[in-house]
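Participant: Okay, here's the prediction I keep looking at, along with the sequence it came from:
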Amino acid sequence: MATARTPRHGQTARPKKAALDAHSRKLLSRFLADWVKPRWRELLVALALTAALAAATGAYPMVIKFSFDNLLAGDVSWLPWVLAAIIFITLARSTFLYLQTVATQRIVLRLMADMQSVTFRHLINADYARLTRDTPGRLMSKLTNDVQFIQQASLASMNSIMRDTLSIVALVGSMFYLDWLISLVVLGVYPFAAVPIASIARRVRHNSTRTQAELGGMTSLLVEKLGATRLIKTYRLEDYAASRVNRSFEEVFRLRLKGVAVKARLEALLEALGGAAVAGVIWVAYWRISSGASTVGDFMGLTAALLMAAQPLKAVGGLMARLQEGLAAVESIYEILDEKPKNKDLPGAKPLHITEGAVSFDHVSFHYGDESIPAIIDFNLEAKGGQTVALVGRSGAGKSTIVNLVPRLFDVTGGSIRIDGQDIREVTLASLRSSIALVSQDVTLFDDTIRANIALGRLGASDEEIVAAAKAAAAHEFILSQPQGYETLIGDRGVRLSGGQRQRLALAAAILKDAPLLLLDEATSALDTQSERLVQQALADFTRGRTSIVIAHRLSTVQNADLICVMDGGTIVESGSHSELIARGGAYARLVRAQLLSDSDADSPPPGLPLN
C-alpha cells in the first residue's frame, strides 16, 4: 500500500509508505499491462497526433522572434508572411488539438467501459457469500466512483505524458535555440519542486483512499434509504433518513475539500516557481541584451515559450497527485478482480445426470464462517424422486439455509448433499443449477417488460411458451389487464405490481425453466386466498413428477406434502406426514396449535409467524 487507510467502513489501518513505492509501481505496471498495452495501436495514433501538436506549438516562439527582430530593424516587408505563418500555425495547432483530444478520450473511455464490464462480470460470477458481504451500494460505488477516479487519472496521465511532455520538449528546444543560458536559468528553478511534490502526492493518495471509502458508504446509504421509502413515509422518518444521509454528504464534502486544498498547494507551489522563472528570465535577458549576446526578438520568443509552457508544466507537476488518486481506485478494483470463487467446479467435474431426482442430505453441517455458531447441525434427509418435502419450523431454524445449500450458493462445511447419488460438489455448477428452479418470498424482478421477466426462466423461449407458463402460474389474466399486456414495463423490482402479482411472475419463470428439482421458499407468502388457490393448483400440476423442497407456513401447502420435516436449531427434530405428526402430538402439532402453521391470510399473518 502507498498510504495509510483510515479504519472506516470495515477497512483496516495500513502503514503509510512513500509515493510510488515498490507496491505502487507494481500496481501501476499491472494496470498498464492489463488495460493500456492492448491498445498500443490506438496509442501510437494518439502519439503521432500529439507529436504534430507539439511541433506546431514549438513553432510559435520562432515566429515571434523573427517578427520582433525584423520589426525592430524597421523591415516590414516580412509582415504578411509573419501573419500568414501565425494563422497557419494556429489552424494547425487547433486541428491537431481536436484530433488528439478525441483520440485520447476515446482510448480512456473505452478502457473504462471495458474495466466496468470485466469487473461486473467477475462480481456476478463470484460466490454468493462474497456478494452478500458488501452492500449493493458499496459494490455500485466501486463500479462508478472508483472507475471515475481511474478515468480522470488515466486521462491526466495520457495528456501529461504525451501532449504536455512533448509540448514542453518542443518549447524547451525552442528556448535553447533562442538562448541556451536563459533556458538553463529557467530549468534550474523547477527541480526544487520535486520533494514537496512527492510529499503532497502522498497526502493526495491517503485522502483519495478515504474519499473513495466514504463515497461507497454514501452510495450504500442512498440505496438503502431510497429503497425503504414505504417504511420511512409510514413511520414519518424523513428527518431521520435525511440526517443520516446528510452526515455522509458532509463527510464526503469535507474529504473532497481537503483533497482540493492539498492539490491547490501544489498549484500554488508551481505558480510561485513560474514567477521565479520569469524573474530569472528578465534579469538574465537584460544582461544578455545589453552585452549584445542576445536580441529583443530572442527575449520575446523566450517569454512566449515560457508562458506557453507554464500550463503544461503545471499539469506535469500535478500528475503525481492525479496518479495517486487513480492508483487508490485501481487497488480497490483489483481487490475485486483478485478474489477467486471458492464455489467452483472441481477438476474432473462431470455434468449432473438426473434420473429420478432423488435428493439426500447425509450428516450435513454448515456455518457462516464461525465454527462456534453453526447454522446446520447433522442434517439428514432423503427426498425421493418426485416427492414434495416440506420444511417447517420457527424463524432461524435453518430452513432457508438448507435451500441455499442445494444449488451450492454456499458449500456444506461437513457431510454431503447428493442428487441421484452424485455429490453436488463433484458435478459442474452449470449442470447443477440448470436442474434447479428456485422461487423465494423475496421476489427478484428486473426493470423490464413482463414478458422479459418471465423469459428469465429460459432465455430464448417462444411467446407461446411464455404465455403457457403465465397461465400455469395463474398470471395470464392479470397480465392482460395491464396497459400493454405482456409488454408492460413493471419498474424497478416490479414496483408497479402488487406482491401477489410479482410472486406469480416469479412462479411463471420457474415453470418456464421446467427444471426437475424445485425449491420453494415461502413461494405463496404474498398471495391472497383466491390467488393462492389458483397457484396451489398450478403448483400441484407443476410439481407432479418433480422433486420439490418447500418452505411454508400455510397448512394448505404443508399438509399435502409427502414428507414434513420440523426443523429446530439447524437440524430435523421430527418428520412424517401431516396426519402422523398431528397424531404424534409433538413439535409439529404444537406449531399448529400456536398458529405458527395456519391458513390465515398471507398478507397479514398471525403475530410471530416466521417467514424464514
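Facilitator: Great, that's in hand. Residues are numbered from 1 along each chain as shown.
Participant: How far does stretch 133-153 sit from its chain's centre?
Facilitator: Averaging C-alpha positions (CA atoms, centre = their mean, to the nearest Å) puts stretch 133-153 5 Å from its chain's average.
Participant: Output that stretch as CSV, restricted to C-alpha atoms.
Facilitator: Presented in CSV, the C-alpha positions along stretch 133-153 are these (Å, rounded to 0.1, in the frame of the first residue of the first chain):
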residue,chain,number,x,y,z
ARG,A,133,-20.5,-9.5,2.2
ASP,A,134,-20.7,-6.0,0.8
THR,A,135,-23.9,-3.9,0.3
PRO,A,136,-25.1,-3.3,-3.3
GLY,A,137,-24.3,0.4,-2.7
ARG,A,138,-20.6,-0.3,-2.0
LEU,A,139,-20.2,-2.5,-5.0
MET,A,140,-22.0,0.0,-7.1
SER,A,141,-19.6,2.7,-5.9
LYS,A,142,-16.6,0.7,-7.0
LEU,A,143,-18.1,0.4,-10.5
THR,A,144,-18.9,4.1,-10.7
ASN,A,145,-17.0,6.3,-8.3
ASP,A,146,-13.7,4.3,-8.3
VAL,A,147,-13.8,3.9,-12.1
GLN,A,148,-14.3,7.7,-12.4
PHE,A,149,-11.2,8.3,-10.4
ILE,A,150,-9.3,5.9,-12.7
GLN,A,151,-10.7,7.7,-15.7
GLN,A,152,-9.6,11.1,-14.5
ALA,A,153,-6.1,9.8,-13.6
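Participant: Could I get the buried residue list for it?
Facilitator: When burial is assessed from 16 or more other CB atoms under 10 Å, stretch 133-153 yields the following buried residues: 134-135, 137-143, 145-147, 149-151, 153. The C-beta positions use only the backbone N, C-alpha and C, and glycine is treated the same way.
Participant: Name the residues that touch that stretch?
Facilitator: 9, 108-109, 112, 115-116, 119-120, 123, 131, 208, 212, 215-224, 322-323, 325-330, 332-333, 336 (CB atoms under 8 Å, 6 or more residues apart in numbering).
Participant: Glu214 touches Glu251, doesn't it?
Facilitator: Yes: taking CB atoms under 8 Å as the definition, Glu214 is a contact partner of Glu251 at 5.2 Å.
Participant: ok, back up a step: closest one to Asp442 out of the buried residues of stretch 133-153, please.
Facilitator: Comparing those against Asp442 with CB to CB picks out Thr135 as the nearest, at 15.7 Å.
Participant: Can you read off the pLDDT for that closest one?
Facilitator: At Thr135, the predicted lDDT confidence score is 76.
Participant: That one and Thr388: what is the separation?
Facilitator: Going from Thr135 to Thr388 by CB to CB, to the nearest Å gives 36 Å.
Participant: for Ala515, same thing?
Facilitator: Distance, Ala515 to Thr388, using CB to CB: 15 Å.
Participant: and the contacts of stretch 133-153, which are buried?
Facilitator: For the contacts of stretch 133-153, a burial check counting by 16+ other CB under 10 Å picks out 108, 112, 115-116, 119, 123, 208, 212, 215-223, 322-323, 325-330, 332-333, 336.
Participant: mind listing which of those residues are in helices?
Facilitator: Using DSSP state H, the members of the buried ones among the contacts of stretch 133-153 that fall in helices are 108, 112, 115-116, 119, 123, 208, 212, 215-223, 322-323, 325-330, 332-333, 336.
Participant: next one: phi and psi at Val550?
Facilitator: Val550 adopts backbone torsions of phi -120, psi 130, taken as degrees, to the nearest 10.
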